[in-house]
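1. Okay, here's the prediction I keep looking at, along with the sequence it came from:
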Amino acid sequence: MAYDTNNIFAKILRGEAPSFKVYEDEKTYVMMDIMPQTTGHTLILTKEPAANLFDLSEDAAQACVVTAKKIAPAIMKVTQADGIILSQFNGEAAGQTVDHVHFHLVPRYAGQDVRAHAKEQGDFEAIKVLAEKIAAELNQ
């Protein structure tokens, strides 16, 4: 699949579209999902232009997993979640809604259902506050 340089995540990475940033390094960018499945739903974007996992270099894939390992404990602490899911979708049939490789960190809470993927916009003020809390936890 050809990579679309005008997808929303590419625009966010270039600073052309807003996001609720949590963390950034030379290979990855972490932000809150604005259509969260649960409180604390976070996205890890590769900075490499790749539409799906099949187009992604091993180095960039490794960087995303290393970032997930760094971010997940902060999410767990701030949200007091009971567990967390790490997932990555490839292709529309698998649920991919933006053709730019990204990983989802979805906190899970005992007894709470997960909202549908990419269906309902969250409360931006609450998402912003949570992004700030997770970022602050990472900086401790």
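-> Received the coordinates, thanks.
2. what's the longest helix in this protein?
-> Assignment by DSSP state H gives helix 58-79 as the longest helix of the chain.
3. for it, packing partners?
-> strand 21-24, strand 28-32, strand 42-46, strand 83-87, strand 102-108, helix 124-138 (3 or more Cβ pairs under 8 Å, 6 or more residues apart in numbering; DSSP states H and E). Bear in mind the C-beta positions are built from the backbone N, C-alpha and C, glycine included.
4. Residues contacting the last one, please?
-> Contact with helix 124-138 is made by 20-23, 31-32, 34, 36, 39-40, 42, 70-71, 74-75, 77-79, as judged by Cβ atoms under 8 Å, 6 or more residues apart in numbering.
5. Could you rerun that using 6 Å?
-> Residues outside helix 124-138 that contact it (Cβ atoms under 6 Å, 6 or more residues apart in numbering) are 20, 22-23, 32, 74-75, 77-78.
6. Which members of those residues define the maximum pairwise distance?
-> 20 and 77 (18.0 Å; Cβ to Cβ).
7. ok, these two, which is more surrounded?
-> residue 20 (21 against 13; other Cβ atoms under 10 Å).
8. Quick one: low-confidence residue ranges for this protein.
-> 1 (pLDDT under 70).
9. center of it, which residue is that?
-> Against the mean C-alpha coordinate of the chain, by Cα atoms, centre = their mean, the closest residue is residue 43 at 0.1 Å.
10. I figured that one hits residue 33, correct?
-> Yes. Between residue 43 and residue 33 there is a contact under Cβ atoms under 6 Å: 5.2 Å.
11. before we move on, the earlier item: if I pick the residue nearest to the centre of the chain, what's in contact with it?
-> 31, 33, 102.
12. and these as JSON lines, adding distance to residue 5 and neighbour count?
-> Compiled in JSON lines, those are given as follows (distance: Cβ to Cβ, whole Å; neighbours: other Cβ atoms under 10 Å):
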{"residue": "31", "distance to residue 5": "19", "neighbour count": "22"}
{"residue": "33", "distance to residue 5": "22", "neighbour count": "21"}
{"residue": "102", "distance to residue 5": "16", "neighbour count": "20"}
